[in-house]
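> Here's my sequence, what's the structure:
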Amino acid sequence: MLIPDELQAKHRRTRHHRARIIEKRKRIILDYWQSPEMFTHSGKLAKWNLSCNCWMCKGEKKAGIEKPKYRLATGGD
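Sure thing, here's the model as predicted:
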């Protein structure tokens with residue numbers, strides 16, 4: 001069972017990462033997509049996945065290029 005200090009620390013971490021993800025997704029919508037009408041409220045961005053199947057989101061996959069983070073695991077060049 002978690003003691004109150006551990007529970008508060010876990011909650012702080014959760015809030016921090018939720019806020020970080022919201023800011024990242026908000027920056028994508030406003031700066032890259034330039035469509036502020038999609039940004040209605042920030043709580044939606046915490047659970048809403050922004051990746052789609054377009055060339056910007058899945059470009060490496062469609063071109064057959066392996067992402068750098070997977071190159072070491074698979075041993076590819």
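
> Apart from its neighbours in sequence, what residue is nearest Leu30?
Leaving out its chain neighbours, the residue that sits closest to Leu30 by Cβ to Cβ, 6 or more residues apart in numbering is Pro36, at 5.9 Å. C-beta coordinates here come from the backbone N, C-alpha and C atoms, glycine included.

> Kindly tell me how buried that neighbour is, as a neighbour count.
Pro36 has 10 neighbours, counted by other Cβ atoms under 10 Å.

> how close does it sit to Ala9?
Using Cβ to Cβ, to the nearest Å, we find Pro36 at a distance of 35 Å from Ala9.

> Determine the longest helix present in this structure.
Counting by DSSP state H, the longest helix found in the chain is helix 4-27.

> average pLDDT for that one?
Helix 4-27 shows a mean pLDDT of 87.

> which other helices and strands contact the next helix-or-strand element following it?
For helix 4-27, the following helix or strand on the C-terminal side (DSSP states H and E) is helix 42-47. Secondary structure elements in contact with helix 42-47, counted by 3 or more Cβ pairs under 8 Å, 6 or more residues apart in numbering; DSSP states H and E, are helix 4-27.

> ok, and for the helix it packs on, which residues are buried?
Ile22, Arg25, Lys26 (16 or more other Cβ atoms under 10 Å).

> Could you give the separation of stretch 4-16 from the chain centroid?
Relative to its parent chain, stretch 4-16 has a centroid offset of 20 Å by Cα atoms, centre = their mean, to the nearest Å.

> go on, stretch 37-46?
Centre-to-centre, stretch 37-46 and its host chain are 14 Å apart (Cα atoms, centre = their mean).

> Run a quick neighbour tally on Leu45.
Look at Leu45: counted by other Cβ under 10 Å, it has 21 neighbours.

> where does Leu72 land on pLDDT?
65.

> can you pull the contacts of the residue sitting nearest the centre point of the chain?
The C-alpha lying nearest the average C-alpha coordinate of the chain belongs to Ile21 (Cα atoms, centre = their mean; 5.4 Å). Counting by Cβ atoms under 8 Å, 6 or more residues apart in numbering, Ile21 touches Leu45, Ala46.

> No more questions from me, cheers.
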